[in-house]
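# Here's my sequence, what's the structure:
(3 chains)
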Amino acid sequence: MAKTILIVDDSASIRQVVGMTLKNAGYEVIEGVDGKDALTKLDGRKVHLIISDVNMPNMDGITFVKNVKQMPAYKFTPVIMLTTEAGDGKKGEGQAAGAKAWVVKPFQPAQMLTAVSKLILP
Amino acid sequence: MSSASAENLYRILPLEGSLSIYSATEHMGLLLQVLAPDAEVELDLSAIDELDCAGLQLLVLAKQEAGRIGCHLRLSNHSPAVIEAFELSGLGTFFGDPILIKPASE
Amino acid sequence: MDMDEVLKTFIAESQELLLQMEDALLQLEHTPGDADTINAIFRAAHTIKGSAGLFGLDLIVAFTHIAESVLDRVRSNELQFNAELTALFLQVGDHLARLIALVDAGADLNTLEVEVQATHETLSEQLSYYLAPATAAKPVASQPTRIERGNASGLSADHWHLSLRFGPDTLRNGMDPLGLFRYLNTFGRIVSIVPLLDRLPSAAEMDPETCYLGFEIAFASDADKATIDGTFEFVREDSLIRILPPHSKSDEYLELIRTLPEEDMRLGEILMRCGTLTAAELQEVLLAQVEGQQRDEAQPIGQVLMEQSLVQAPVIAAALQKQQQIKDNRSNENSLIRVDANKLDKLIDLVGELIIAGAGARMTAKNCGHSEMLEATELLSRLVEEVRDSALPLRMVQIGATFNRFQRVVRDVSKEIGKDISLSISGGETELDKSVVERMGDPLTHLVRNAMDHGIESLQTRQANGKPAQGNVCLNACHDGGNIIIEVTDDGGGLDPQRILAKARERGLVSDSQTLTEQEIFNLIFEPGFSTADQVSNLSGRGVGMDVVKRNISALRGTIELSSTLGQGTRVRIRLPLTLAIIDGFLVNVGQAGYVIPLEQVEECIELHSDSAITRGHLELHGQMLPVVRLRELFDDDSTPPRRESVVVVQQGGLRAGLVVDQLVGEFQTVIKPLGKVFAACRVLGGFTILGDGSVALILDIPRLLTQLAAPRSAVPFETKQSYAHE
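You can find the predicted model right below:
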């Protein structure tokens, strides 16, 4: 049973590259273009890990994570936040919202795979 | 000598699905409920397909609590997920129950 | 899907984002400072940077990173978008579009055409000017867990030893230690693992979502320490993670044993069970342990980690000291937090309210004459004062970042006006209130430009006068009592007092009969509509005069003065209060009204025996004539003056005056609240405050009052009735 990962980012190229990398590694991947979209994509599905960007239109990553963490089905789902060096303050906010893991943008696909592997293997 | 009824003397509690942080609170209640002085309780783990550290902690708690109140707790029919978690955590020997080793999957 | 296809997505996406960025930049000219618009610009840069990283387009990553950092400062209000910055970002957008077009065409970004490369460097450099030194391209280095390096004399173990005590929230955060072990097994092998269940409580106290587990692990791997250490990066914050490499030395194991929370003997056995230590080695380690303990018997091992004392056995003293240092560093880093400036403002506001409430309580206690109550309120006041003293520094920031921005200004302006001018900066570490720093940007810009444009002479003139070819402008800051002094100095031609006076007469600012001191003449520069430049240059054409600078400074309750030596240079000195929020004030009464004079400007108080002591608006004091103002008349108070009045002598920047008041009340802390626009015309009020009994007192703006008293008659927008009578 493959582990399912939700990737939320408003950049299509990031979603595609991350999605491709994770699928090749044996994970199942769902994509969301922003916080709002991701919430509808979740829809009670079993998800083992969420990867979310911070700065997105409609619903930003912090709000999204706060929302997700209030849903019983995802209360303990690990979240990897995509942060930037410039946005270290956001890292704190993300952590407070419940995202305890992070990957610093920009990242290489392999770095993302490593971070994911630390939390779940496929 | 105990005068407990036969029903009290031997209980089998089948656990199934996920024994993880999501169900930890629920499972803790269930496990503590099934323990009783002088009883013999068997946790059937054959249908556990997910076991994380929260689940492992609960099993440890149940074992220690059982010892405290004089209940015999046994774990049986370890599923592959349980065996993997026990091996990974080094907790297998703690419970001391015989684990049926299937062909190694490492 | 393959990488090429995704690259197409990236290119299309970036092009779209750049268009959005351009729209937003243009939009910003109409709605400057709009957070959503700024965020849109930020997001464009941010997304392009993130995506470019995936494709290894390092040049674009580095470039957008600088841009993003500048934008981040704009978002955090450290920087504002102005025409200059907007123009720069439009160029940045164009350049990015070009780079992306090159990627689309399959070009190699590492070998750019000369022209593109030049643009790239220029823009990068220009962007860097907007970065404070602290934020400039700082690589994020994660703090590694301490890892001891074993060497020749190490013990036999040829595997890594990991000691893990997971934090209580580990599981709740979605981190499963089992997942970490699985990951470890992807690049090594867990040789043996011993779970530690000591922290697991009884059923009654158990929170099933809390993690109570610890593990001692022997781990065989060829991986480097960074990889092993990195495994725990997401749980490190609230967990205790210790990693010893293969063949560590015995004292390193001893130290490990001592820093772990469990009992020493047990840990020793566990290390043996793991195969990390042999029985003989354990013996050796524990022996050293005993020796150590004889010297320091009271050391509670369980708490060693957080409160390691430095008195230890010599064997391990050095190691421990190192550990202590690392701990100190880490706690320093952890002790820095970023706080929303608004929250601080709110806190300062509350402290202000607290001071008012405290004053009220004290006043009530005084009126009751209840001595214990009075004592209690005294204590309270003292504590509130301490709270104030600790709260105010929270808003302090160094002025250096603001100063450094001028490197760019000086560079650009020198080019523009064809003068070779350098900028020197001193006192950048001087701290002052954040809101003061923010509002100093414009006045300083003007002063610096002024110094460059009008101050520094042309090359020919300098050489003719035997001065170095390169002109120098200096920005300096320092503390002076409760004030901060900021100076803009140039080594230019200086000001000619006679020329200024002539000009002032020509403009009708000064009457022909008036004689002015040199200082007074220099101060004319700050009068509205005054300019000494014979030629109107591009810079002075920007429409900001020295009067505006002065108004800006006055709005900050500061003063500005100019000194100059002909042929040698000019110095403009700005004196600012450290903070805007709270001052020590001196309360006086006139009729029913209370007025507050900032205490630092009060020189002395004297009794006014009779009205006749004042002649022609002056009072003889210590053999000198002191101009006096009756507050009663200044504020059109119709009440009858009491038989006996007092004079408060105020001084600031060499100017003195006496204020005639009914009654001296005394010193107290005042929270400055801004006056509404209605009072904007009343130039001598700096704000108001609420007294302990709930009544309102007006705060006098002494510097302004003094300058208006000292200024030539015609330039004074208001006068006391008495003075009018003498004209």
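
# switch to C-alpha atoms for all contacts and neighbour counts from now on
OK.

# can you give me the strands for chain B?
Taking DSSP state E as the criterion, chain B carries its strands at B:10-19, B:40-51, B:72-76.

# now swap in the stretch 401-550 of chain C and tell me
Ranges of strands in the stretch 401-550 of chain C, per DSSP state E, counting those that start in this stretch, are C:421-426, C:431-433, C:471-480, C:483-490.

# what number of residues lie near residue 107?
Here I'm looking at chain A. A:F107 has 20 neighbours, counted by other CA atoms under 10 Å in any protein chain shown.

# actually chain C
A total of 13 residues lie near C:A107 under the criterion other CA under 10 Å.

# so C:T170 sits in a strand?
No - read with DSSP: H, G, I helix; E, B strand; the rest coil, C:T170 is coil and lies in no strand.

# In three-state terms, label the closest residue to it other than its chain neighbours for me.
Spatial nearest neighbour of C:T170, chain neighbours left out: C:C211 (6.1 Å); criterion: CA to CA, 6 or more residues apart in numbering or on different chains. Here C:C211 is recorded as coil under three-state DSSP.

# Thought C:R165 was touching C:C211, still the case?
No - between C:C211 and C:R165 no contact is recorded; they are 9.3 Å apart, counting by CA atoms under 8 Å.

# Stretch C:228-247 and chain A, are they touching?
Yes - using CA under 8 Å from any CA of the partner chain, stretch C:228-247 reaches chain A at C:T231, C:E233, C:F234, C:V235.

# So which of the residues you listed reach chain B?
With the criterion set as CA under 8 Å from any CA, no member of the residues of stretch C:228-247 next to chain A is near chain B.

# Going by distance to chain A, which of those wins?
The nearest member of the residues of stretch C:228-247 next to chain A to chain A, counting by CA to the nearest CA, is C:F234 at 5.1 Å.

# so who does the closest one touch?
Taking CA atoms under 8 Å, 6 or more residues apart in numbering or on different chains, we find C:F234 in contact with A:K100, A:A101, A:W102, C:M175.

# between these, which is nearest C:H454?
A:W102 (53.2 Å; CA to CA).

# So the closest one versus chain C, what's the distance?
Applying CA to the nearest CA, to the nearest Å, the value for A:W102 to chain C is 8 Å.

# Partner strands of the helix or strand hosting that residue and their direction?
If you go by DSSP states H and E, A:W102 is part of strand A:101-105. Sheet pairing for strand A:101-105, assigned by DSSP bridges, gives strand A:79-84 (parallel).

# which other residues reach the strand it pairs with?
Residues from elsewhere that reach strand A:79-84 (CA under 8 Å, 6+ apart): A:49-54, A:61, A:65, A:90-91, A:94, A:98-106, C:174.

# quick one on the thing from earlier: just so I know, which of the strands of chain B lies nearest chain C?
Once these are compared by CA to the nearest CA, strand B:40-51 is nearest, at 9.2 Å.

# Spatially nearest residue to C:L277, not counting backbone neighbours?
Excluding its sequence neighbours, the residue lying closest to C:L277 (CA to CA, 6+ apart) is C:L271, at 5.7 Å.

# quick one: the worst-scoring helix or strand of chain A on mean pLDDT to strand A:101-105, angle?
Of all helical and strand segments in chain A, the minimum by mean pLDDT, DSSP states H and E falls on helix A:88-97, at a mean of 76. Counting by axes from the mean of the first three to the mean of the last three CA atoms, to 10 degrees, helix A:88-97 lies at 160 degrees to strand A:101-105.

# in helix A:88-97, what's buried?
By neighbour count on 16 or more other CA atoms under 10 Å in any protein chain shown, the buried set for helix A:88-97 is A:K90, A:K91, A:G94, A:Q95, A:A97.

# Then stretch A:98-113?
Buried residues in stretch A:98-113, defined by neighbour count with 16+ other CA under 10 Å: A:98-109, A:112.

# Could you check how far the longest helix seen in chain B is from the centre of its chain?
In chain B, assigned by DSSP state H, the helix with the most residues is helix B:53-69. From the chain centre to the centre of helix B:53-69 is a distance of 8 Å (CA atoms, centre = their mean, to the nearest Å).

# Any part of it near chain A?
No - for helix B:53-69, no contact with chain A is found by CA under 8 Å from any CA; the gap never falls below 11.3 Å.
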